[in-house]
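In: got a predicted model here, sequence first, then my questions.
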Amino acid sequence: MSRVGKHPVPIPQGVTCQISGQEIKVKGKNGELSALASKEVQITQDENGILVRPSDESKQARMLWGTWKNRIKNMVQGVNEGFTVRLEINGVGYRAAVEGSNLKLQLGYSHDILYPIPQGIQIKCEKPTAIAISGADRQRIGQVAAEIRAYRKPEPYKGKGVKYENEHIVRKEGKKK
């Protein structure tokens, strides 16, 4: 029995949901998201919200039960409030700036890195060393943040590189004389 999956997903004011077979569409003030659920789960809507149930008692159906409940919850929260991931840049001369539809990163390489900003994602640079990635689709925001971080991962000796705001870098001790 899934502890996560057995509770319905509440639908806040201003959010509309359409369920047709295995396809679910959620529309709110931040946009519209849709997903095609796997055949192992059944999605229904009632006055309490959206209910997700396994279609049979197989192990795969029970595994996907809580997964799809959380994906639908993230869709509803995304179109209502949105999600934000913050990145920090550490290092001498390392900085970022938004130029048109590109994110310009200077990360200690001989050239600047131009990262094209995808549709539906907003990127802001509050400071030259802070990046805020926001939008409605939680998975895409996390993917964009991971791609930007992959250009220069934080190294353990000085902590230079791109890291998540709440990430803790385990530091190593340098050479001894």
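Out: Alright, I've got the coordinates.

In: can you tell me the closest non-neighbouring residue to Asn102?
Out: Using C-beta to C-beta, 6 or more residues apart in numbering and skipping the chain neighbours, the partner closest in space to Asn102 is Leu114 (4.6 Å). For every residue, glycine as well, the C-beta is placed using N, CA and C.

In: quick one: buried residues of the host helix or strand of the one you found?
Out: Taking DSSP states H and E as the criterion, Leu114 maps to strand 113-116. Across strand 113-116, burial judged by 16 or more other C-beta atoms under 10 Å covers Tyr115.

In: off-centre distance for the lengthiest helix in the chain?
Out: What stands out as the longest helix in the chain, according to DSSP state H, is helix 59-80. In terms of C-alpha atoms, centre = their mean, to the nearest Å, the centre of helix 59-80 is found 14 Å from the chain centre.

In: just checking: what are the partner strands of whichever helix or strand comes after it?
Out: Sequence-wise, the next helix or strand downstream of helix 59-80 (DSSP H and E) is strand 83-90. Next to strand 83-90 in the sheet, as set by DSSP bridges, lie strand 130-135 (antiparallel), strand 161-164 (antiparallel).

In: those strands into CSV, with extra columns for mean neighbour count, mean pLDDT and distance to Lys27?
Out: Converted to CSV, the strands paired with strand 83-90 look like this (neighbours: other C-beta atoms under 10 Å; pLDDT from 0 to 100; distance: least, C-beta to C-beta, whole Å):
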stretch, mean neighbour count, mean pLDDT, distance to Lys27
strand 130-135, 19, 95, 15
strand 161-164, 19, 95, 30
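
In: check contacts around the closest residue to Arg171 other than its chain neighbours.
Out: Nearest in space to Arg171, with sequence neighbours left out and distances taken as C-beta to C-beta, 6+ apart, is Pro156 at 5.8 Å. Residues in contact with Pro156 (C-beta atoms under 8 Å, 6 or more residues apart in numbering) are 169-172.

In: sweet, I'm off.
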